[in-house]
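A.B. asks: sequence? don't have it. structure:
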């Protein structure tokens with residue numbers, strides 16, 4: 001259950017506070033891959049898509065619902081999600097994260113997943129099994145207007161792909 005919340009919040013949080021992440025990126029860890037020829041939407045009321053066919057991902061996302069969809073500055077974002085984590089995810093898992101505001105890259109970095117999920121009161125290891133999440137995130141009114149794109153590509157410490165999610169052109 002904990003892993004889905006971490007991935008979802010990692011996608012939502014950079015839109016809220018991209019400046020809170022240090023601006024570094026380890027190119028040796030970069031694996032963000034997007035299949036531009038196909039679209040793989042995440043089921044539910046959300047602007048999310050998988051970066052490529054998710055058939056081999058360790059996280060099988062059944063549904064993600066965001067309210068409001070798309071997120072709006074100054075509101076509370078309600079997140080409801082469900083899925084199945086096929087394997088336990090341990091310390092050493094990484095997230096390759098990229099956040100863009102229009103054509104400007106705000107964040108492009110690789111972070112330790114377990115270090116980041118502490119920010120949402122979660123801890124590693126993230127156990128395998130059914131996932132259910134309900135979370136609320138207050139979005140500040142001060143989000144600069146424009147179009148945002150976010151990519152989060154997640155790997156275990158053994159470099160197995162957990163998931164890769166993206167959202168293109170969220171308009172604030």
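C.D. replies: Now that the structure is in, tell me what you want to look at. What you see is a predicted model; the values in this text were computed from it and never measured.

A.B. asks: pull the contacting residues for residue 167.
C.D. replies: Under the criterion of C-beta atoms under 8 Å, 6 or more residues apart in numbering, the neighbours of residue 167 are 11, 46, 47, 48, 49, 148, 149, 150. (C-beta placed from N, C-alpha, C; glycine too.)

A.B. asks: just the closest of these to residue 71, please.
C.D. replies: Ranked by distance to residue 71 (C-beta to C-beta), these are led by residue 47 at 8.5 Å.

A.B. asks: return the set of buried residues in stretch 154-165.
C.D. replies: When burial is assessed from 16 or more other C-beta atoms under 10 Å, stretch 154-165 yields the following buried residues: 154, 155, 156, 161, 162, 163, 164, 165.

A.B. asks: ditto for stretch 50-59
C.D. replies: Buried-residue list, stretch 50-59, by 16+ other C-beta under 10 Å: 50, 51, 52, 54, 57, 58, 59.

A.B. asks: for stretch 111-120, same thing?
C.D. replies: Judged by neighbour count (16+ other C-beta under 10 Å), stretch 111-120 contains these buried residues: 111, 113, 114, 116, 117.

A.B. asks: tell me the one of the buried residues of stretch 50-59 nearest residue 68?
C.D. replies: residue 50 (22.4 Å).

A.B. asks: greatest separation within the buried residues of stretch 154-165: which pair is it?
C.D. replies: 156 and 165 (15.9 Å).

A.B. asks: state whether residue 114 is indeed within a helix.
C.D. replies: Yes - with the criterion set as DSSP: H, G, I helix; E, B strand; the rest coil, the secondary structure at residue 114 is a helix.
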